[in-house]
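>>> predicted model and sequence follow; I will ask about them next.
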Amino acid sequence: MPVNPKNIMKLRERLGIFQSQHPRVQPFLKDAFSGGVLEGSVIELKVTSPEGRSCITNIRLTQEDVETINMIRELGGLSH
């Protein structure tokens with residue numbers, strides 16, 4: 001499936017908005033991944049609704065996950 005350049009520009013704009021609204025996320029990710037990500041590391045995600053309902057999950061990274069994260073880092077997604 002070909003990527004629409006217009007959608008890439010839209011995504012880039014949205015990421016800029018996200019970063020300005022949530023300035024602590026990018027430094028957190030940069031710090032968390034600064035030493036490199038290793039196979040077997042665990043990433044945990046928690047979402048809490050305005051009503052207080054929580055949903056938590058985690059993943060143990062595989063070698064493929066590590067390669068994907070490194071590709072994102074090389075593209076500049078976690079290195080600014």
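In hand now; what should we look at? What you are looking at is a predicted structure, and each value in this text was computed from that prediction instead of being measured.
>>> so what's the residue count around Arg73?
The number of residues packed near Arg73 is 17, by other CB atoms under 10 Å. All C-beta atoms are positioned from the backbone trio N, CA, C, and that covers glycine.
>>> that one contacts Phe33, doesn't it?
Yes - with contact defined as CB atoms under 8 Å, Arg73 reaches Phe33; the gap is 6.8 Å.
>>> what is in contact with those two at once?
Between them, Arg73 and Phe33 share no contacting residue under CB atoms under 8 Å, 6 or more residues apart in numbering.
>>> list the contacts of stretch 48-62.
For stretch 48-62, contacts defined as CB under 8 Å, 6+ apart pick out 37-47, 65, 69.
>>> please flag which of those residues sit within strands.
Mapping those onto strands (DSSP state E) picks out 42-47.
>>> would a markdown table of the residues you listed with pLDDT, distance to Gln26 and neighbour count be doable?
Putting those into a markdown table (pLDDT from 0 to 100; distance: CB to CB, whole Å; neighbours: other CB atoms under 10 Å) gives the following:
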| residue | pLDDT | distance to Gln26 | neighbour count |
| --- | --- | --- | --- |
| Val42 | 95 | 21 | 8 |
| Ile43 | 94 | 16 | 13 |
| Glu44 | 96 | 19 | 8 |
| Leu45 | 95 | 17 | 9 |
| Lys46 | 97 | 19 | 9 |
| Val47 | 97 | 19 | 9 |
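>>> same list (those residues) but as JSON lines, adding distance to Pro5.
Below are the ones in strands among the contacts of stretch 48-62 laid out as JSON lines (distance: CB to CB, whole Å):
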{"residue": "Val42", "distance to Pro5": "36"}
{"residue": "Ile43", "distance to Pro5": "31"}
{"residue": "Glu44", "distance to Pro5": "35"}
{"residue": "Leu45", "distance to Pro5": "30"}
{"residue": "Lys46", "distance to Pro5": "35"}
{"residue": "Val47", "distance to Pro5": "32"}
